[in-house]
Every structure is written in C-alpha cells, then in structure tokens.
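# Just need the structure, nothing else, for what follows:
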Amino acid sequence: MKYPRIEVRELKKSFDENIILDHINFKVHVGESLVIIGASGSGKSVLTKCIVGLSKPDDGDIFLDGHRLETNSSHRKSEAANLISYVFQNSALFDSLTVIENISFGPQFLNKQSKRVANEIARESMIKLDIHPKFWPMYPNELSSSSRKIVAIARALAVKPKIIIFDEPSTGLDIRASRKLDYLIRDSVKNENITAITITHDINSALHIADSIAMLHKGKLIWSGEPSELKKSDREEVRRFIKPFLTST
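From the prediction side, this is the model:
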C-alpha cells in the first residue's frame, strides 16, 4: 500500500480557551507542493510547528509514510530532525557562520558526516541553487534578504529531507525577488522529489508554487483544491481573503 508522504488526522491545538486548530485533516504525497493560506491568526504557523515537533498538539495524529510520529514534542524534534527541514520566515541563519558553514552544518552535525563530506554536500547544494562562489565565504549580515532566504533553502536541502516546510517565504521581498524565490522553491521540490508545505498569505506566490491549496480560517480547514479552482470558490471567507488579488489582476 502506498501511503501519503505526510498525513494529518483530526489535529487539535488550543491555548487556554482559545482554539487554534480545530480537527485539521489533510494529506500530501511525495513530490507534491501544498500551500496553506489564511489570514494572520488563522493557525498556519501553529499547524506547521506541530508537524515539525516545535509545538505539541492536544489531540490528533501525524503520519509520515504511514508511520505515526510521536506527538511528544521533545521526542518529535529528534525524530523529525533528519526527515523534515523548516525554512523560517527570517531565514534563521547562524550569524557567526559563513554561508558554506551554515549549509554544511546540517550534514555535519545532524547527518554525522565528516567536515570534508559536509562541505562537499554544501557546495553541491549551492551550485544547484545557483549561489555564486563569491558568496560562500560571506556572513549572513552581508547578504540581501532574498539571498539569505536562498541560502536557507540550500541549507534545508543539504540534509536530504523528505519534507520541507516554508514559513512565509516571500515576506519582505519585492515582487521580482518573490517570483524568483517561488520558481526556486518549485524547481527544488520537483528536482529533489521532496514534499513541500508552504504557509503564506501571498496568493500570487501560492498560485506559482502549489499543486494544491488549503485555506485555514479561525482554526478550521474550510477549503482545499487545485490552484485553478481557488478563484471559483463560492465560500464567502475564501472570496473575501482573495479579493485583493482578484481586483489587482
């Protein structure tokens, strides 16, 4: 039996009396790109943090290739480290390390490769993402916002994950840099046969990189479908959310 790469079943999460995730269910298969959209506070970031083990759900199950992942967050962090890469909104690079040292960090310390092999993996990752050698010895504070995000993607790919989660990748970028990053994400997922989950409020970005789109609203997954179906949705919450996009195209 062929299982989805990642499956979420009846996931629930609350903070005090505030319900953040309310019975969330979805599946993503190998090589697919799921984009989760929704307004701020809809539960997008909490959902992805539950998947990667940064937050413990109150109830529900998360499966990877049919195997139920431990929901205890302390165990999940270790379990997920070599399986799921997380590209943070602010890139979260190590300021004291150069570009190549940032990218080789995962192969060396998570995958337990020698420094020489880790550096080779880092070089391969940078070449794939067209990061020019002049940037390799530079530090994160010497790079533009878009360059830091590309380095963060290279670092995520270097550990050979099964899943990459992208947290608002286009935030802070101009339109040209955002579209470049969209194509980079799309190509990286397809070329490496990786499953991607991206959270964003940017409809243009979602339409570029998604095989399927799901929308969260007040903690509930209220709509899902292919990108071409998004503008046809008759859900009032969906239409209200995408209206600025519809009026600008």
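# does the nearest residue to residue 29 once chain neighbours are set aside sit in a helix, a strand or a coil?
Among residues not flanking residue 29 along the chain, residue 4 sits closest, at 5.2 Å (C-beta to C-beta, 6 or more residues apart in numbering). Just so you know, the C-beta spots here come from the backbone N, C-alpha and C atoms, and that holds for glycine as well. At residue 4 the chain is in coil, as set by DSSP: H, G, I helix; E, B strand; the rest coil.
# residues in contact with residue 4?
Applying C-beta atoms under 8 Å, 6 or more residues apart in numbering, we find residue 4 in contact with 27-29, 63, 65-66.
# Which pLDDT value goes with it?
pLDDT, residue 4: 94.
# what does residue 192 give?
86.
# leaving aside the residues next to it on the chain, what's closest to it?
In space, residue 192 is closest to residue 157, 6.4 Å off (C-beta to C-beta, 6+ apart).
# Pull the helix or strand containing the one you found out as CSV, backbone CA atoms only.
Here residue 157 sits within helix 145-158, counting by DSSP states H and E. Extracted in CSV, the C-alpha atoms of helix 145-158 (Å, rounded to 0.1, in the frame of the first residue of the first chain):
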residue,chain,number,x,y,z
SER,A,145,17.1,39.4,2.3
SER,A,146,16.4,37.4,-0.8
SER,A,147,19.9,35.9,-0.8
ARG,A,148,19.6,34.9,2.9
LYS,A,149,16.4,33.1,2.0
ILE,A,150,18.0,31.2,-0.9
VAL,A,151,20.9,30.2,1.5
ALA,A,152,18.3,29.0,4.0
ILE,A,153,16.7,26.8,1.3
ALA,A,154,20.2,25.4,0.3
ARG,A,155,20.7,24.6,4.0
ALA,A,156,17.3,22.8,4.1
LEU,A,157,18.1,20.8,1.0
ALA,A,158,21.6,19.8,2.2
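# From the contact counts, what lies against the helix or strand following that helix?
Going down the chain from helix 145-158, the next helix or strand is strand 163-167, by DSSP H and E. Here strand 163-167 is seen to pack against helix 44-52, strand 84-87, helix 145-158, helix 175-192, strand 195-200 when contacts are counted using 3 or more C-beta pairs under 8 Å, 6 or more residues apart in numbering; DSSP states H and E.
# worst average pLDDT in these?
Minimum mean pLDDT among those: helix 175-192, a mean of 88.
# for that helix, which positions count as buried?
For helix 175-192, burial by neighbour count (16 or more other C-beta atoms under 10 Å) applies to 177-178, 181-182, 184-186, 188-189, 192.
# out of the residues you listed, who's nearest residue 206?
The shortest gap between residue 206 and any of the buried residues of helix 175-192 belongs to residue 182, at 9.1 Å (C-beta to C-beta).
# Would you mind measuring from the closest one to residue 209?
Taking C-beta to C-beta, to the nearest Å as the measure, residue 182 falls 5 Å from residue 209.
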